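[1] Sharing a model that was predicted from the sequence below.
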Amino acid sequence: MLRSYPRILPFGDQAILVEFGAEINPEINRFVRAFSQQAGASKPPGIGPLLPSYSSVLIHFNPFLLSFSQTAAWARKILGKKPKPMESMETIKEVPVIYGGLYGPDISFVAEYNGIGVQEVIQLHTTPLYLVYVIGGFPGLAAMGTVPSRIETPRLSNPRTKVAPGSVAIAGKQTGIYAIESPGGWQLIGRTPLRLFDPNRNPPAYFHPGDRVRFRQISEESFRSPATS
């Protein structure tokens, strides 16, 4: 990490941002998760939700109970204990995916943009073991990384107003899965039959930061079979 990190910044008048870096990096993300775990276990009155991201943690506080300086001092105290980076989780979740067609309408663009064939996009996408960096944006949405450089593709210039739940997508170096129907600007390459968000389940999200994910190509018959869901 850069020497200027970690650092604490104001984020509006009711939150602070603890930054550990400025890039998508698994080692930085391990520090994020370690700090989040330790901070969450020692929250004083007035500290609200902690929202970890790729390289930072957003901490909300009640301005009637705490000031920015008090909240920052609490965060610095935790940082002073030097939270140990989380060990790489061995929880590996295999995700069945039907690629292309109606389920992945942007896969041809991803292939054309990178000068390769559609089948090579699928082969490359199903090869790595991905780290789930963050859950957010919309309920259950899992953002993972990083994809092989040969399938990196920018977001859509005009986002869709509706993306089907289970849609598997690429945006730059990231891949991810939409857990509920929502707007979205990522390139859709496939869909999984897994139910990734259920408000009646505890916890409701199927994925968690630190999970490892491997994608597996399936047929349409398997996609429609209850045995795969």
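    Cool, got the structure.

[2] Tell me how far the longest helix belonging to the chain lies from the chain's centre.
    In the chain, with assignment by DSSP state H, the single longest helix is helix 26-40. With C-alpha atoms, centre = their mean, to the nearest Å as the basis, helix 26-40 stands 14 Å off its chain's centre.

[3] so what does it touch, helix or strand wise?
    strand 47-52, strand 56-61, helix 68-80, strand 130-135 (3 or more C-beta pairs under 8 Å, 6 or more residues apart in numbering; DSSP states H and E). For glycine as for every other residue, the C-beta is placed from the backbone atoms N, C-alpha and C.

[4] quick one, which of those is packed in tightest?
    The highest mean neighbour count among the helices and strands packed on helix 26-40, using mean count of other C-beta atoms under 10 Å, belongs to strand 130-135: a mean of 23.

[5] residues in contact with the following helix or strand past that strand?
    Remark: after strand 130-135, the chain's next helix or strand is strand 142-145, criterion DSSP states H and E. By C-beta atoms under 8 Å, 6 or more residues apart in numbering, the list of residues contacting strand 142-145 from outside reads 24, 54, 130-137, 173-177, 179, 196, 205-207, 211, 213.

[6] Need the helices and strands packed on helix 26-40 in CSV (columns: mean pLDDT and distance to residue 218).
    Listed next are these as CSV, based on pLDDT from 0 to 100; distance: least, C-beta to C-beta, whole Å:
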stretch, mean pLDDT, distance to residue 218
strand 47-52, 90, 32
strand 56-61, 93, 36
helix 68-80, 93, 44
strand 130-135, 90, 17
